[in-house]
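> sequence and predicted structure, then a few things I'm wondering about:
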2 protein chains.
Amino acid sequence: MAMSEQTSKHTQVLIIEDQHLMRLALIHELQAALPASIVHGAANITIALDLLESQQFDLVVIDPGLPGYDPKSQDDRFDVVQVVIELSPDAIHFVVTGSDTEEEWEHCQKLGVVGYLAKNNIRPGALVDVLQEVAERGYSVRLSNETTAPPEFYHSGLTPREQEILGWMRQRPSGISRKEIYEQLGERFDIDAASAEKYYKRARAKLLKTGLLPKGL
Amino acid sequence: MAMSEQTSKHTQVLIIEDQHLMRLALIHELQAALPASIVHGAANITIALDLLESQQFDLVVIDPGLPGYDPKSQDDRFDVVQVVIELSPDAIHFVVTGSDTEEEWEHCQKLGVVGYLAKNNIRPGALVDVLQEVAERGYSVRLSNETTAPPEFYHSGLTPREQEILGWMRQRPSGISRKEIYEQLGERFDIDAASAEKYYKRARAKLLKTGLLPKGL
DNA sequence: AAAAATAGGGACAAAGCTGTCCCTATTTTG
DNA sequence: CAAAATAGGGACAGCTTTGTCCCTATTTTT
């Protein structure tokens, strides 16, 4: 019988978050940010504690606003964080919350948390930057931040690439030519600028065919 | 110049939610639930009001916990909902919140809301049921609910189908054979039970190759 | 012991997405 | 006006995912 290789080369990640869609989104983000990782999800503290006792993790992401704890009680919130940290002393710990405060971050930091992220300040792809910042500076904080992002527009007939390119193009500041955007996108996605242009054009064509495309073209 | 067809056959949906990942997840869910829909996202109330003034919507989903409003103030939360409803009187309105209460639902109902959903009670695919319930009964309420879901396990090498099938299989109650699960899955996804079996096996093989698969096989 | 379930594969067609290259008009900008 | 940018496509190779069908051992139930 082969020995079970508990010490695999994969990064083990645990997400503790009770909101299903948010947990799935975080899992998705973490997988994208750490391609060789295995990501576990726990919808409540009971499952989380089971997992923490059964194996080691390299990174644990905690939402302290779990059911069974009084969301208005700071003590309850810190309790969750503290217990998790005690059970995974070698891991890196992030806190993700929908109601962030400067004071809570400071308290969490004393408990050993190195990442403190407001849910409304986590954009797709942002965790890459957070992880890098933690690696460089030892911590990363993103408090709540009212965004001025443009409205989004999702049409079921578009492929992910087309959605993505279109999203970027719609944020084009005035004075910047489309061509420049194509080049930026080419660099960002590591594709040809011409391909980015192609995607944009196809997306546009699809929207025209169905009869409506957003104002900013 | 062709006349712009404002009255297209597509269902127009608007999601007002400040948490980016949650907004994207909701957009995704809505597109899956309403395949012929065009879904718009607004990260704050300003964008939302712009959109509401510029066009009509058939369904508006509101998270009243937006920045700029005191999350502890019930009045502020209701204000958001009320303003949105006044600007889209012909639409159906859902409220999605991370801090739900029975009282808030009752108040929202008086304002015209027909769907009241706690964020921790929205699972992937659940909006289909919510929409159907609204169509049949006129309203749908899903208050906060502590789940007893099993731990989740996501491995980057698996395809979405494999992840999905594996997730279902891991919830198999004792006394139910795998074969029965295959049949349920076949029905649910409208594929052959044999295909479901194939996916499970391939997922299992991949996990074995990389050295670790979760306890429950 | 016979029947059913399970593990662990192979082969393959259809479809969709990605990415590249190339083309011609028309419009905008310097 | 000349040059650059833009609109609006066609063709195509490569890849992954999906879904179906088929196969042989081994284990578990009955």
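Nice, thanks for sending it over. All values derive from a computational prediction rather than experimental measurement.
> name the element residue A:198 belongs to?
helix A:193-209 (DSSP states H and E).
> and that helix with chain B, contact?
No. Helix A:193-209 stays out of contact with chain B when judged by Cβ under 8 Å from any Cβ of the partner chain, the minimum separation being 9.3 Å. For glycine as for every other residue, the C-beta is placed from the backbone atoms N, C-alpha and C.
> can you tell me if that helix touches DNA strand C.
Yes. Under the criterion of Cβ under 7 Å from any atom of the strand, DNA strand C is reached by helix A:193-209 at A:194, A:195, A:198.
> average pLDDT across that helix?
Along helix A:193-209, the predicted local confidence has a mean pLDDT of 94.
> got the CA positions of it in CSV?
What follows is the C-alpha trace of helix A:193-209 in CSV, where atoms were taken according to Å, rounded to 0.1, in the frame of the first residue of the first chain:
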residue,chain,number,x,y,z
ALA,A,193,-3.0,43.3,-29.8
ALA,A,194,-4.6,42.3,-33.1
SER,A,195,-6.4,39.4,-31.3
ALA,A,196,-7.7,41.8,-28.7
GLU,A,197,-9.0,44.0,-31.5
LYS,A,198,-10.6,40.9,-33.0
TYR,A,199,-12.4,40.1,-29.8
TYR,A,200,-13.7,43.6,-29.4
LYS,A,201,-15.0,43.6,-32.9
ARG,A,202,-16.7,40.3,-32.6
ALA,A,203,-18.3,41.4,-29.3
ARG,A,204,-19.5,44.5,-30.9
ALA,A,205,-20.9,42.7,-33.9
LYS,A,206,-22.8,40.3,-31.6
LEU,A,207,-24.3,43.2,-29.7
LEU,A,208,-25.3,45.0,-32.9
LYS,A,209,-27.0,41.9,-34.2
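> which of the residues of helix A:193-209 next to DNA strand C count as buried?
The neighbour count (16 or more other Cβ atoms under 10 Å in any protein chain shown) marks residue A:198 as buried among the residues of helix A:193-209 next to DNA strand C.
> okay if I get the residues of helix A:193-209 next to DNA strand C as TSV plus distance to DNA strand D?
Written out in TSV, the entries for the residues of helix A:193-209 next to DNA strand C read as follows (distance: Cβ to the nearest atom of the strand, whole Å):
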residue	distance to DNA strand D
A:194	8
A:195	9
A:198	5
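> out of the residues of helix A:193-209 next to DNA strand C, which is nearest to chain B?
Ranked by distance to chain B (Cβ to the nearest Cβ), the residues of helix A:193-209 next to DNA strand C are led by residue A:198 at 22.8 Å.
> can I see the domain layout of chain A?
Domains of chain A are assigned by automatic domain parsing as A:11-142, A:160-209.
> tell me which of these sits most buried.
Highest mean neighbour count of the domains of chain A: domain A:11-142, a mean of 19 (counted as mean count of other Cβ atoms under 10 Å in any protein chain shown).
> near DNA strand C, anything from that one?
No. Applying Cβ under 7 Å from any atom of the strand, one finds that domain A:11-142 is not in contact with DNA strand C, the shortest distance being 13.5 Å.
> residue ranges for the helices of chain A, please.
Listed in chain order, the helices of chain A (DSSP state H) span A:20-33, A:45-54, A:74-87, A:102-111, A:126-137, A:160-169, A:178-189, A:193-209.
> among those helices, show the one with the smallest mean pLDDT.
helix A:74-87 has the lowest average pLDDT among these, namely a mean of 90.
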